[in-house]
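# Return atomic coordinates for the entry below.
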Amino acid sequence: MARDFFGRDSRGRREEDPEIRVTDRRRILLDDDEDPERQAAAESPNLKPSYVEELESRAQAAEQKTLEVQARFEQLRKQLQDETDETRRRLNRAADERAQREKADFIAGLLPVLDNLRRATDAAEANAAADVIAEGIRRTAASFESALAAAGVEPIEAVGESFDPELHEAVETIEGEPEDEGRVISQHTRGYKIGARLLRPAHVKVGRHTAKANKAQD
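Numbers count the residues shown, from 1 in each chain. Have a look, this model is predicted:
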């Protein structure tokens, strides 16, 4: 590049003069004015210690983990509730089916009773002998008792037993010997129970010692 007598180039600068750079401060100030939040953030230093930031990070992670665990718990709870409801419905269906089977078995056990009743009726209408009719009635009673036994029904022992107000109902008393005091002499109707449940008490006649009865009256 051509230089003059003083060593200056065509731009008027000397070779040893450093290049001068000019920064447009107006542009910088204009940009800072357009984003005050960034300017404030740049001017405000982070005053939180590193351990506080770490604790906050751990707290956020723990909160997220808690939310995940709660969501999983709700999912398992719903699944368990659905399985419980399904089990309940299945047990109810099984109980209904068992009740229907037991009812059908009991009715089937009563059919021979009906057959014997019809035979006894037919024999009576045909003027059959009394012993034939009596035999038909005995078979009917035996069939009915067999059906009750198959259903778990048991007769209550009464005659000759000591009077038990839990099982017997006294409908009459009769004077007797000392050993007959408080003892069932006879029964009017038989009592029945199923398991520990009393279906009907036995209606009985209870003995009472005469001397003791007179003493009680005196």
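
# Just the helices from the protein, written as ranges.
Counting by DSSP state H, the chain has helices at residues 25-34, 36-43, 50-125, 130-150, 210-217.

# Mean pLDDT lowest where, among those helices?
Comparing mean pLDDT across the helices of the chain, the weakest is helix 25-34, with a mean of 48.

# circling back to that earlier point, most tightly surrounded among the helices of the chain?
Compared across the helices of the chain, helix 130-150 shows the largest average neighbour count, a mean of 15 (mean count of other CB atoms under 10 Å). For glycine as for every other residue, the C-beta is placed from the backbone atoms N, C-alpha and C.

# Taking helix 50-125 as reference, get the angle to it.
Using axes from the mean of the first three to the mean of the last three CA atoms, to 10 degrees, the direction of helix 130-150 lies 180 degrees away from that of helix 50-125.

# returning to what we had before: distance to Val171 added to the helices of the chain, as JSON lines?
Below are the helices of the chain laid out as JSON lines (distance: least, CB to CB, whole Å):
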{"stretch": "helix 25-34", "distance to Val171": "111"}
{"stretch": "helix 36-43", "distance to Val171": "103"}
{"stretch": "helix 50-125", "distance to Val171": "27"}
{"stretch": "helix 130-150", "distance to Val171": "22"}
{"stretch": "helix 210-217", "distance to Val171": "18"}
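
# I'd like to know which of these is closest to Gly176.
For Gly176, the closest of the helices of the chain is helix 210-217, at 7.7 Å, according to CB to CB.

# Quick check: which of the helices of the chain is nearest to His188?
helix 130-150 (16.3 Å).

# So which other helices or strands are in contact with the closest one?
Using 3 or more CB pairs under 8 Å, 6 or more residues apart in numbering; DSSP states H and E as the contact test, the elements touching helix 130-150 are helix 50-125.

# Centre of the chain to the helix it packs on, how far?
A distance of 7 Å separates the centroid of the chain from that of helix 50-125, by CA atoms, centre = their mean, to the nearest Å.

# start at 26 instead
All set: I'll call the first residue 26, so the last point we hit is now helix 75-150.

# measure Glu202 to Gln106 for me?
As judged by CB to CB, to the nearest Å, Glu202 and Gln106 stand 70 Å apart.

# now the residue nearest the centre of the chain: how far from Ala120?
With distances taken as CA atoms, centre = their mean, Arg113 lies nearest the centre of the chain, 6.2 Å away. Using CB to CB, Arg113 is found at 10 Å from Ala120.

# what's near enough to touch Glu108?
Going by CB atoms under 8 Å, 6 or more residues apart in numbering, Glu108 touches no other residue.

# what do you get for Ala145?
Ala145 sits in contact with 158, 161-162, 165, where contact means CB under 8 Å, 6+ apart.

# gap between the closest residue to it other than its chain neighbours and Ile132?
Nearest-residue entry for Ala145: Gly161, 3.3 Å, with adjacent residues in sequence omitted and distances by CB to CB, 6 or more residues apart in numbering. Distance of Gly161 to Ile132, computed by CB to CB: 21 Å.

# before we move on, what about Glu150?
The gap separating Glu150 from Ile132 is 26 Å, by CB to CB.

# Domain-wise, how is this structure divided?
Per the record, the chain has its domains at 78-176, 180-243, by automatic domain parsing.
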